[in-house]
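> Got a predicted structure here, sequence first:
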Amino acid sequence: MNNTMIDVRDVRKSFGSLEVLKKVSLQIAPNEVVAVIGPSGSGKSTMLRSLAHLEQVDAGSIRIGNDYLVQDGKYASSAKIKEITARMGMVFQHFNLFPHLTVRGNLELAPKLVKRLPAAEARDRASALLEKVGLLEKGDAYPANLSGGQKQRVAIARALMMNPEILLFDEPTSALDPELTGEVLQVMRQLAEERMTMVVVTHEMGFAREVADRVIFMADGEFIESGTPEQLFGNPRQERTKTFLNRVL
Ligand SMILES: Nc1ncnc2c1ncn2[C@@H]1O[C@H](COP(=O)(O)OP(=O)(O)OP(=O)(O)O)[C@@H](O)[C@H]1O
């Protein structure tokens, strides 16, 4: 259990003349699992990437725990930003593993480099996490020799190496063949059961419905509606949510 929560207030973000986030606000409680769903291009990834400071917002505030990443459009110092983002782990659609490093190399690099973790400790931690995602025997393999599902499980283990308070997932199963999504969702389901704070941008309605504590429907740069999976899937209040769900379910 941890005390981190995410507080996003009135965040705006444009790419040129395209307004991608229109005054978005969001609060996430410690240990909450939130799924963000919505049509392609609605700003889901941009919102998530803004939390990890992979995108810079134009206005508004993002607070992680007690620390402001950005407050009323003004960013914290680069040292503070580093400190805040180190508390978050991110898992991407396309895995983003280092191709020239083995699985263990991928896992151990950041903890050794950033956290100065001794090699033996990094190795032990990597073993424990590879076991957790069912890939202990793949430690010496290179990413090119893994299936997409295995790559994504390595990416999740890598994110966990840094002992994050929050895990952010950006469409973690969208690049996978359908038969490989299950093994990744199973690891995510386990993390959810362990009460990891997670924000998951996903097209996987089954995950949103069965695993998330709360589902947010986003369209055209706005949060249209948010609720428990039962509320959102069973009895959506907004016409746009209904239309979207009718299309994808
Ligand atoms: N770096 C960028 N430069 C310019 N436009 C961008 C950039 N990144 C995203 N966009 C645009 O911002 C809008 C929102 O994109 P975003 O990836 O956040 O949507 P999304 O809801 O995650 O979509 P998807 O489900 O397809 O991944 C899209 O119109 C996209 O083309």
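Structure's in. What do you need?

> quick one: contacts for the residue nearest to the spatial centre of the chain?
Against the mean C-alpha coordinate of the chain, by Cα atoms, centre = their mean, the closest residue is residue 168 at 1.6 Å. Residues in contact with residue 168 (Cβ atoms under 8 Å, 6 or more residues apart in numbering) are 48, 51, 52, 88, 89, 90, 91, 198, 199. Glycine gets a C-beta too; all of them are placed from N, C-alpha and C.

> Just confirm it is within a strand.
Yes. Under DSSP: H, G, I helix; E, B strand; the rest coil, residue 168 falls within a strand.

> Please name the nearest non-neighbouring residue to it.
residue 90 (4.7 Å; Cβ to Cβ, 6 or more residues apart in numbering).

> what's the neighbour count on that neighbour?
21 (other Cβ atoms under 10 Å).

> for whichever helix or strand it is part of, what is the average pLDDT?
Residue 90 is part of strand 88-91 when elements are defined by DSSP states H and E. The average pLDDT for strand 88-91 rounds to 96.

> what does stretch 234-247 give?
In the prediction, stretch 234-247 has an average pLDDT of 96.

> what's the answer for stretch 168-181, then?
Averaged over stretch 168-181, pLDDT sits at 94.

> ok, the residue nearest to residue 168 touching residue 54?
Yes. Using Cβ atoms under 8 Å, residue 90 is in contact with residue 54, at 7.5 Å.

> which secondary structure elements does the longest helix anywhere in the chain contact?
Ordering each helix of the chain by length in residues (DSSP state H) puts helix 178-193 first. When contacts are defined as 3 or more Cβ pairs under 8 Å, 6 or more residues apart in numbering; DSSP states H and E, helix 178-193 packs onto helix 148-161, strand 197-201, helix 205-210.

> Tell me which of the ones you listed is the most buried.
Stretch with highest mean neighbour count among the helices and strands packed on helix 178-193: strand 197-201 (a mean of 26; mean count of other Cβ atoms under 10 Å).

> Brilliant, that's me finished.
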